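In: fold the following for me, if possible:
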Amino acid sequence: MTDVVKRFAQNPILLPHQVEPSMPGLVVECLMNPGAFQFDGKTWLLLRVAERPRQKEGVISTVVIDPSTASGLRILEFKADDPDLDYTDEDPRGFLYQGRSYLTTLSHLRLAWSTDGIHFQVASSPTLLGQGELEDFGIEDCRVTEIAGIFYLTYTAVSAQGFGVGLISTVDWQHFTRHGMILAPNNKDCALFPEKIAGQYVALHRPTMPGSGKNHIWLCKSPDLLHWGEHSCIIETRPGMWDAARVGAGASPIRTQEGWLEIYHGADENHRYCLGAVLFDLDDPGRVIARSQQPLMEPVMEYEVAGFFGSVVFTNGLLVDGDRLIMYYGASDHVVCAATLSIAEVLASLL
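Out: Below is the predicted model of the structure:
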């Protein structure tokens, strides 16, 4: 059962040029991987917006977080022939200057809203910027989970120290409480279960250490959403398959009569990202009942194949409408798209 999703005819529904830069001199390079939720009668996305300075001949530039400025950002420029600069076109994502690491783009989170789930208005400025030394390189790929009337945002906090999982909460999307880093580097792809199980909060996450370990999905538990333990590896990569190189959680798991349904991403050795499903036991989410043998969605459309980082479909934003899942996803690390799929069809493919 391959590519059972129904893509929106309007795809891509959001493109970089539709989003206003955070400050003069910047351009929005990419829109990626939005969290999705419903609030105040509307459909909302929390976009990952990646920006970079306008390019100049003979200059390598970046944008950094600077709380002392009006925008909270500052542009740094270095001459390309500066002997203190270590930059190569082979990896345009970052560089070193005087031994310090920089990224060529900086990501923040920005709200967008819609009355029909297709046509979105986007906030004119960042909703959430990185804050503190553990978010110096920005914040990325937010999952939004509502538990007992509170929205919890789990996101990737990026800095020279690595990437870890941060937590923010809100009840009104006007005021935000930052709880800091809850899973230390290197860790990402954290999705909370939408209710307590056996009296504990439960989360999926992906710890990864460069040069060792594997890119697998783990499960952990917490009494308070801040202190996490009882870690266990529950989804491993599968050699020779579509998810051979890495796997990671998508949005929050969905409760069904058959179990907790999770749409996850997997990549092969060629960095081709597809989407599949896994079913966990309702009472023991560490127990896997079934898992996709073939992907539910593959990058086949032009906007999914060609982009900033091609051949990628990646979701961390799902809405449930009866049997229908509305899936907002990032395509080729460049644009935001949407598709639907049937919960019953996905479960049938698994069971």
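In: and the nearest residue to residue 124 once chain neighbours are set aside, how far is that from residue 100?
Out: Closest residue to residue 124 in three dimensions, ignoring its sequence neighbours and counting by C-beta to C-beta, 6 or more residues apart in numbering: residue 20, at 5.0 Å. Yep, even glycine has a C-beta here, placed from its N, CA and C like the rest. Distance, residue 20 to residue 100, by C-beta to C-beta, to the nearest Å: 30 Å.
In: those two: which has the busier surroundings?
Out: With neighbours defined as other C-beta atoms under 10 Å, residue 20 and residue 100 compare such that residue 20 has more, 14 against 9.
In: wait, the more buried one sits on residue 122?
Out: Yes - contact status for residue 20 versus residue 122: in contact at 7.4 Å, counting by C-beta atoms under 8 Å.
In: for the protein, what's the longest strand?
Out: Counting residues, the longest strand found in the chain (DSSP state E) is strand 26-39.
In: measure residue 32 to residue 81 for me?
Out: Using C-beta to C-beta, we find residue 32 at a distance of 32 Å from residue 81.
In: these two: who's more crowded?
Out: Per other C-beta under 10 Å, whichever of residue 32 and residue 81 has more neighbours is residue 32, with 27 against 8.
In: name whatever forms a beta bridge with the more buried one.
Out: Residue 32 has these beta-bridge partners by DSSP bridges: residue 48.
In: in this structure residue 187 contacts residue 205, no?
Out: Yes - using C-beta under 8 Å, residue 187 makes contact with residue 205 at a distance of 5.7 Å.
In: ok, back up a step: contacting residues around the residue nearest to residue 124?
Out: Residue 20 makes contacts with 28, 122, 124, 125, as judged by C-beta atoms under 8 Å, 6 or more residues apart in numbering.
In: distance of residue 11 from residue 47?
Out: 15 Å.
In: let's verify residue 348: helix, strand, or coil?
Out: For residue 348, the assignment made with DSSP: H, G, I helix; E, B strand; the rest coil gives helix.
In: burial of it, as a residue count?
Out: Neighbour tally, residue 348, other C-beta under 10 Å: 12.
In: excluding chain neighbours, what is closest to residue 14?
Out: Closest residue to residue 14 apart from its sequence neighbours, by C-beta to C-beta, 6+ apart: residue 336 at 4.0 Å.
In: report the angle between the strand or helix carrying that neighbour and strand 26-39.
Out: Under the criterion of DSSP states H and E, residue 336 resides in strand 335-342. If you take axes from the mean of the first three to the mean of the last three C-alpha atoms, to 10 degrees, strand 335-342 sits at 30 degrees to strand 26-39.
In: what's strand 335-342 packed up against?
Out: Judged by 3 or more C-beta pairs under 8 Å, 6 or more residues apart in numbering; DSSP states H and E, strand 335-342 is in contact with strand 6-7, strand 26-39, helix 302-305, strand 324-331.
In: strands paired with the last one, and their directions?
Out: Each strand that strand 324-331 pairs with, and the sense of that pairing, follows from DSSP bridges: strand 313-321 (antiparallel), strand 335-342 (antiparallel).
In: distance between that strand and the chain's centre?
Out: Centre-to-centre, strand 324-331 and its host chain are 12 Å apart (C-alpha atoms, centre = their mean, to the nearest Å).
In: just the residues contacting that strand, thanks.
Out: Residues from elsewhere that reach strand 324-331, judged by C-beta under 8 Å, 6+ apart: 5, 11-12, 31-34, 36, 45, 48, 117, 254, 263, 275, 299, 301, 303-304, 307, 312-315, 317-320, 336-343, 346.
In: now the longest strand of the chain: buried residues?
Out: By neighbour count on 16 or more other C-beta atoms under 10 Å, the buried set for strand 26-39 is 26, 28, 29, 30, 31, 32, 33, 34, 35, 36, 37, 39.
In: quick one: residues contacting the spatially most central residue of the chain.
Out: Most central in the chain under C-alpha atoms, centre = their mean is residue 141, positioned 2.4 Å from the mean C-alpha point. Residue 141 is in contact with 32, 33, 48, 155, 156, 188, 189, 316, counting by C-beta under 8 Å, 6+ apart.
In: which among those residues end up buried?
Out: Buried among the contacts of residue 141 by 16+ other C-beta under 10 Å: 32, 33, 48, 155, 156, 188, 189, 316.
In: want to throw the residues you listed into a markdown table with pLDDT and distance to residue 65?
Out: Listed next are the buried ones among the contacts of residue 141 as a markdown table, based on pLDDT from 0 to 100; distance: C-beta to C-beta, whole Å:
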| residue | pLDDT | distance to residue 65 |
| --- | --- | --- |
| 32 | 96 | 19 |
| 33 | 97 | 20 |
| 48 | 98 | 15 |
| 155 | 98 | 15 |
| 156 | 98 | 15 |
| 188 | 97 | 19 |
| 189 | 98 | 23 |
| 316 | 98 | 23 |
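In: tell me which of these is nearest to residue 111?
Out: Nearest to residue 111 among these, counting by C-beta to C-beta, is residue 48 at 11.8 Å.
In: does that closest one touch residue 109 like I think?
Out: Yes - Residue 48 lies in contact with residue 109 (C-beta under 8 Å); the separation is 6.4 Å.
In: so what sits against both of the two?
Out: Counting by C-beta under 8 Å, 6+ apart, the contacts common to residue 48 and residue 109 are residue 142.
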